[in-house]
Every structure is written in C-alpha cells, then in structure tokens.
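1. Would you be able to build a 3D model of this:
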Amino acid sequence: MNQDFTFSIKRIRFDEHYQPSDSTRITTNFANLARGECRQQNLRNALKMIDNRFNALAHWDNPQSDRYSVELEIISVDMTIEGQGDSFPTIEVLKTNIVDHATNERIEGIVGNNFSSYVRDYDFSVLLLDHNKQQDQFSIPENFGDLHGKLFKYFVNSKAYQQHFKKPPVICLSVSDNKTYHRTENQHPVLGVEYQPNESSLTELYFKKMGLDVRYFMPPNSVAPLAFYFFGDLLNDYTNLELISTISTMETFQKIYRPEIYNANAVAGKCYRPNLKNPDHSVTHIVYDREERSTLAIAQGKFAEEHFIKPYRAILDKWSANYA
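-> Below you'll find the model as predicted:
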C-alpha cells in the first residue's frame, strides 16, 4: 500500500518577477497578485509590506528596522499514482526564508503559511455544493475531507517532505466571519494575545482530518487574530524568527484580501466577531479580484474531479480505506 503514491517537489522563487505557471491554482493568494497590468507593482508592494512587518516584530538589536528581509518560495507538490503515468498537482504552500543583513546569514523559516489544494476545491466547491442542493438544511457529506486529510498526512510523513523540510508545516488563515472569538489571558511575545472561538467550524474539522490543531493569536500591533494550524507544539517547536516570518507574510496577504478584518481601523476587543462588511477599514494599494477568486474555485474543483477523483476513484477509495 505504501508504494501507491510518490511525490515530487518543485520550488519557485516568489519575487517581483514571479509569473504563475499553468499548473498553479489561480485562486492562490500569490498567483492572484501576479496577474494584470499592476502585477509587478503589486508584488513589489506586498513584499515590502512583509519586510516592514517582519522588522517591526523583530525589533530587538534592530535600531533602523531594516536588519531582516524575507524571501519566499512557492512549493508545488505533484503526486503520481504508481503505474498510472501522469502526475497531478496536489498541494501548493509557501516557504519563508529570512535574510539577516547584520550577520549575512540566511535562516530557514517555516513551510506552509498559505495552503492551496485542488482536492480541497473539489470537496468544498463541488462535493459540498452538490450534496446541499438536495437538502432542506445545510449538512456535511459522509466522510467529508477524509481522502484529502489522509493524502496530506501521507505527504508530510513522506521521504520527499523530510528530505526538503526540517520541521512540520504551519498554515496561517483568516478567522471566520460567522464565529465569535474571546480574548484570553494568555500572551506570547511574538504571537501576541490568544483568542478562543465560541464553536468549532467546518474549516477546523477539515484541517483536523489533515492532522492539524488550531490556535488563534493576535500579534502585537495587529487588529484581528489569525488562525494558526500546526502539528505538535506551536509555541515551543518554532523560534521567534520562524514565527515572525509566518505572521509577517500571512498578515500582509490578509490585509490585501480581507481588509475589512485585517486592515480595520478598530482593534479587536475582548469579544470579537469578524465582519466582512465592515466599512471602517483602509484599503492597500494592491489590486486584487475577490470575485474572480470564488468563481475560479468551482472551476478548479471540477478540474480535480475530472482529472483526479473520477479516473482514480477505485484506487483512491481502496487506499483511503486501508490508510492507518
């Protein structure tokens, strides 16, 4: 059974010259920025925001706030089912690397950060939608997210992952606008104040099947908490600089894509309900098409159904049933 799938990993530098490849999911944060007339200015502005935020958080021994810069790589993972020839693009994440200009050292950051997957698009934009067309009230299909979760765990435990990355991934997402978050007394010097949600969400359930736990923190000088999905112990398994690389990268993306929450003019209070219709926010000078992103998720889910789920269903079902 362990011989069924093999993974290959490609790395592409994400800088102002980046252009999405044909196999990249266009809804991915970084790919969406790299299109249209303003692509280079978008990329330059976003990367500058990341560096500025990093230096603001890593302020010790950094009097001019220019000691560090962040380099980003897009990690694309293709999966081949043995004996079937073609490979399929399964997962795309971001890898941070930190450049310390004071010591000329290059420090490895965190892999994960942004997370995109065609199979997740299929689950949420095809399977879940179709299932609920026939229902009077919203429900979740049986075994929802099982295959995706097992494939992700299988990848993180694979030789390919372990040859490329020293630590497990951390994925950082926006908070949900249909939950309420309560501030706790717990505070971390870099992650900031911890919040706890009033209930679990479908996203949490989905990521739990991938083996990931979640905690919510609002970093210093942020206006809303971020959701951190991780294996193990988030606070002790990663250094402060590693955590800062994730915060600065993903908070920048969220300010661009979710300005109503992450670029709001008021800071989250003790009891916080995110609002995507909040008019009291500032907009970054970075062009982004939110509408296009949601329609593309459906197209990409159908692509996964056509090229991966349907042709290999028997193999995938058998593998999933036996996966421990």
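2. what are the ranges of the helices in the stretch 101-250 of the chain?
-> 118-122, 128-133, 146-156, 159-164, 202-209, 234-237, 240-257 (DSSP state H, counting those that start in this stretch).
3. and the shortest one, what other elements does it pack with?
-> Taking 3 or more C-beta pairs under 8 Å, 6 or more residues apart in numbering; DSSP states H and E as the contact definition, helix 234-237 has no neighbouring helices or strands. C-beta coordinates here come from the backbone N, C-alpha and C atoms, glycine included.
4. Now find how far off-centre it is within its chain.
-> 18 Å (C-alpha atoms, centre = their mean, to the nearest Å).
5. What of the last one?
-> How far helix 240-257 lies from its chain's middle: 11 Å, per C-alpha atoms, centre = their mean.
6. okay, and for the protein, where does confidence drop off?
-> 1-3, 20-38, 287-294 (pLDDT under 70).
7. Skipping its backbone neighbours, what lies nearest the spatially most central residue of it in space?
-> With distances taken as C-alpha atoms, centre = their mean, residue 114 lies nearest the centre of the chain, 2.4 Å away. The shortest distance from residue 114 to any non-neighbouring residue, by C-beta to C-beta, 6 or more residues apart in numbering, is to residue 94 (4.5 Å).
8. what comes up buried for the helix or strand hosting that neighbour?
-> Here residue 94, judged by DSSP states H and E, is contained in strand 87-100. Buried residues in strand 87-100, counted by 16 or more other C-beta atoms under 10 Å: 88-98, 100.
9. Name every strand pairing with it and say which way it goes.
-> strand 68-81 (antiparallel), strand 105-117 (antiparallel) (DSSP bridges).
10. Among those strands, which comes closest to residue 261?
-> Each of the strands paired with strand 87-100 has some distance to residue 261 by C-beta to C-beta; the shortest is strand 105-117, at 16.7 Å.
11. angle of that closest one against helix 202-209?
-> Angle of strand 105-117 versus helix 202-209, following axes from the mean of the first three to the mean of the last three C-alpha atoms, to 10 degrees, is 110 degrees.
12. could you give the angle of strand 105-117 to helix 146-156?
-> Here strand 105-117 points in a direction 160 degrees away from that of helix 146-156 (the same axes, to 10 degrees).
13. Run the angle between strand 105-117 and helix 240-257 for me.
-> With the same axes, to 10 degrees defining the directions, strand 105-117 sits at 40 degrees from helix 240-257.
14. Touching strand 105-117 from outside, list them.
-> 25, 27-30, 70-71, 75, 90-100, 148, 152, 164-167, 169-173, 229, 238, 241-243, 245-246, 249-250, 253 (C-beta atoms under 8 Å, 6 or more residues apart in numbering).
15. same check, this time on stretch 132-146
-> 123, 127-128, 131, 202, 205-206, 209-210, 320.
16. One more: stretch 197-215?
-> 120, 123, 140, 144-146, 148-150, 152-153, 156, 171, 173, 176, 178-182, 194, 216, 227-231, 234.
17. pull the CA atoms of it into CSV?
-> Extracted as CSV, the C-alpha positions of stretch 197-215 are listed here (Å, rounded to 0.1, in the frame of the first residue of the first chain):
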residue,chain,number,x,y,z
PRO,A,197,-13.7,30.7,19.4
ASN,A,198,-17.2,30.1,20.7
GLU,A,199,-17.6,27.0,18.5
SER,A,200,-15.8,24.7,16.0
SER,A,201,-16.1,25.4,12.3
LEU,A,202,-16.1,23.3,9.1
THR,A,203,-12.6,24.6,8.3
GLU,A,204,-11.4,23.4,11.7
LEU,A,205,-12.9,20.0,11.2
TYR,A,206,-11.4,19.8,7.7
PHE,A,207,-7.9,20.6,9.0
LYS,A,208,-8.3,18.3,11.9
LYS,A,209,-8.6,15.5,9.3
MET,A,210,-5.3,16.7,8.0
GLY,A,211,-3.8,16.1,11.5
LEU,A,212,-3.6,19.8,12.4
ASP,A,213,-4.6,21.5,15.6
VAL,A,214,-5.5,25.2,15.7
ARG,A,215,-4.9,28.2,17.9
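18. circling back: mind checking which of the contacts of stretch 197-215 are buried?
-> By 16+ other C-beta under 10 Å, the contacts of stretch 197-215 give 120, 123, 144-145, 148-150, 152-153, 156, 171, 173, 176, 179, 181, 194, 216, 227-231, 234 as buried.
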